[in-house]
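> Provided below are the primary sequence and the corresponding predicted coordinates.
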Amino acid sequence: MLLGAIQRPTRDLDVLALVEAGHYRKARPLPSDLLEASRDVGEAFGIGGDWLNPGPTDLLDLGLPAGFEERVETRSYGALHLRLASRLDQICFKLYASADQGPASKHVADLRQLRPTREELLFAGRWARTHDPSPGFRNELIQALEFLGVENADAEL
């Protein structure tokens, strides 16, 4: 939504990583000053204190999509500097979640708004397989790709 690629409002902001000395590090635990500021913002806007979600930080364990760091878009809001995952990287993350949660998930609707090409979906599928190489996940991923209109996905993964 911050990139203007989708219109669906969310109840939280996913935090993939923190940047320290130019390197990504896991966002769990969030720094205490950031947690305190987020609680203040949550209280002021009536959205609760847990609107910053470091859950996606586990994606760092097995690696980000190739070229992720070169594609990020930086936005500054006062002293807060955000590096936003690019549209292609959002496609990767959304496809991974779609395969995991099924065709009725919000992630499929988000993917449709992102209007990915076949090549972008296959790139995302190959990346998702690095995070879960199991045959069961591969089958779910193929079904998700076929649901999104990618024919012969099984031959491409």
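Arrived safely, thanks for sending. Owing to the predicted nature of the structure, the values given are computational and were not obtained by experimental measurement.
> for L60, what are its contacts?
Listed by C-beta atoms under 8 Å, 6 or more residues apart in numbering, the contact partners of L60 are L16, A17, Y24, R25, K26. Just so you know, the C-beta spots here come from the backbone N, C-alpha and C atoms, and that holds for glycine as well.
> Give me the pLDDT for it.
Per-residue pLDDT puts L60 at 95.
> what kind of secondary structure is E151 in?
Here E151 is recorded as coil under DSSP: H, G, I helix; E, B strand; the rest coil.
> Which stretches in the chain count as strands?
Counting by DSSP state E, the chain has these strands, from start to end: 13-14, 17-20, 23-26, 52-53, 73-77, 80-84.
> Buried deepest among these, which one?
Of all the strands of the chain, strand 52-53 carries the top mean neighbour count, a mean of 17, counting by mean count of other C-beta atoms under 10 Å.
> Other residues contacting stretch 125-139?
59, 62-63, 65-66, 92, 95-96, 99-100, 141, 145, 150, 153, 156-157.
> Looking at the contacts of L60, point me to the pair that's furthest apart.
L16 and R25 (10.6 Å; C-beta to C-beta).
> which residue is nearest the centroid of this protein?
Closest residue to the average C-alpha location of the chain: F93 at 3.9 Å, with C-alpha atoms, centre = their mean.
> Can you give the distance of stretch 99-109 from its chain's centre?
13 Å (C-alpha atoms, centre = their mean, to the nearest Å).
> Which positions within it qualify as buried?
A99, D100, S105, H107, V108 (16 or more other C-beta atoms under 10 Å).
> circling back: quick one, which of the contacts of stretch 125-139 are buried?
Applying 16+ other C-beta under 10 Å to these flags L59, P65, C92, L95, Y96, A99, D100, L141, L145, V150, A153 as buried.
> Next, the contact list for the first one, please.
Residues in contact with L59 (C-beta under 8 Å, 6+ apart) are L16, F93, H131.
> Now those residues in a markdown table, please, with extra columns for distance to E70.
What follows is these, written out as a markdown table (distance: C-beta to C-beta, whole Å):
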| residue | distance to E70 |
| --- | --- |
| L16 | 15 |
| F93 | 17 |
| H131 | 20 |
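> Taking the buried residues of stretch 99-109, tell me the two that lie furthest apart.
Farthest pair in the buried residues of stretch 99-109, by C-beta to C-beta: D100 and V108, 11.3 Å.
> wait, isn't the residue nearest to the centre of the chain in contact with A85?
Yes. Judged on C-beta atoms under 8 Å, F93 makes contact with A85 at a distance of 6.8 Å.
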